[in-house]
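Undergrad: Structure for the following, please:
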Amino acid sequence: MDSSGQEKLTLPYCENSKETVRLIDCLQSDGVEIARLTCRILGTFTSFSKMEIEAIMRNMGVVLHHIDESDVDRILEGLYLLKFLIMHMKKQEKKLAIHLSVEHKLHVLECSESAILWIPVWELMELCMFDPGM
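TA: Numbering: from 1, shown residues only. Okay, here's the model as predicted:
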């Protein structure tokens with residue numbers, strides 16, 4: 001049970017399973033809701049293989065792509081997933097390799113006029129020890 005008293009669903013983890021790989025591929029979806037929910041589901045995992053993390057990082061550039069307001073929920077879930085992965089790796093005393101495309105998207109998002117986007121980006125960049133500039 002979780003802190004709200006509700007039973008928490010846990011699934012047995014199987015490293016690099018075809019279901020997990022297919023789920024990671026859903027991050028590339030054009031459907032904002034599909035990508036958003038995929039980020040949310042992946043954020044509940046308790047373990048990742050090195051290859052799964054690499055696959056997620058390869059797809060994060062798509063998740064963080066911002067065109068208009070319809071992308072905001074997907075981007076916020078993507079930022080949460082990135083933060084979750086960074087914290088997961090820090091617990092293992094490992095460093096998460098951020099792809100250049102993802103780093104570029106973060107720098108673009110930090111220049112957003114919308115505080116709902118740039119504040120979590122700055123928090124994430126501080127966690128990654130990037131240099132957020134103004």
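Undergrad: Any idea which residue is closest to the centre of the protein?
TA: Taking Cα atoms, centre = their mean as the criterion, Leu81 is the residue nearest the geometric centre of the chain, at 2.7 Å.
Undergrad: so which helix or strand takes in His88?
TA: Taking DSSP states H and E as the criterion, the element that holds His88 is helix 72-91.
Undergrad: How about residues contacting that helix?
TA: Outside helix 72-91, the residues within contact range by Cβ atoms under 8 Å, 6 or more residues apart in numbering are 32-33, 35-37, 39-40, 42-43, 48, 53, 56-57, 60, 63-64, 66, 95-96, 102, 109, 114, 116-117, 120-121, 123-124, 127-128. C-beta coordinates here come from the backbone N, C-alpha and C atoms, glycine included.
Undergrad: Restricted to buried residues, select those in PyMOL.
TA: Isolation of the buried members of the contacts of helix 72-91 (16 or more other Cβ atoms under 10 Å) is achieved in PyMOL through the command below:
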select buried, resi 32+35+36+37+39+42+43+48+53+56+57+60+63+64+66+96+102+109+117+120+121+124+128
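Undergrad: and the gap between Glu123 and Ala55?
TA: Using Cβ to Cβ, to the nearest Å, one obtains 24 Å as the distance from Glu123 to Ala55.
Undergrad: list the contacts for Ser70?
TA: By Cβ under 8 Å, 6+ apart, the contact list for Ser70 reads Val32.
Undergrad: Now Thr38: phi and psi?
TA: Per-residue torsions, Thr38: phi -60, psi -40 (degrees, to the nearest 10).
Undergrad: count of residues packed around it?
TA: For Thr38, the neighbour count with other Cβ atoms under 10 Å is 26.
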